[in-house]
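Undergrad: Structure for the following, please:
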Amino acid sequence: MTTISTSETSQTIELIPSYKIPLFLLINSLPLAFAQKWVGIAIAILGIFLLFQTATIRLKFTDTAL
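TA: All right, here's what the predicted structure looks like:
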């Protein structure tokens, strides 16, 4: 059985959120909504969902999680 000492200093790494993909989807859904209304709306909803997730979820990793 292996035990892990908790007295060691552990570093937490937090990933920086990237808004590139949600913004790309939102911007490109606007012209698409004029050509095909329902497809543009579906892509806009996906972009809003990803934007919400990017703003709220923070991924943090410790040395043992990596």
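
Undergrad: May I see the buried residues of stretch 31-45?
TA: Under the neighbour-count criterion of 16 or more other CB atoms under 10 Å, stretch 31-45 has 32-33, 40, 43-44 buried. Where C-beta positions appear, they are placed from N, C-alpha and C, glycine not excepted.

Undergrad: How many neighbouring residues does residue 10 have?
TA: When neighbours are counted by other CB atoms under 10 Å, residue 10 registers 10.

Undergrad: my guess is it contacts residue 61, does it?
TA: No - look at residue 10 against residue 61 with CB atoms under 8 Å: they stay out of range, at 10.4 Å.

Undergrad: Quick check: neighbours shared by those two?
TA: Residues touching both residue 10 and residue 61 (CB atoms under 8 Å, 6 or more residues apart in numbering): there are none.

Undergrad: Secondary structure element holding the most centrally placed residue in the chain?
TA: The residue lying closest to the centre of the chain (CA atoms, centre = their mean) is residue 54, at 3.8 Å. Using DSSP states H and E, the element containing residue 54 is helix 37-56.
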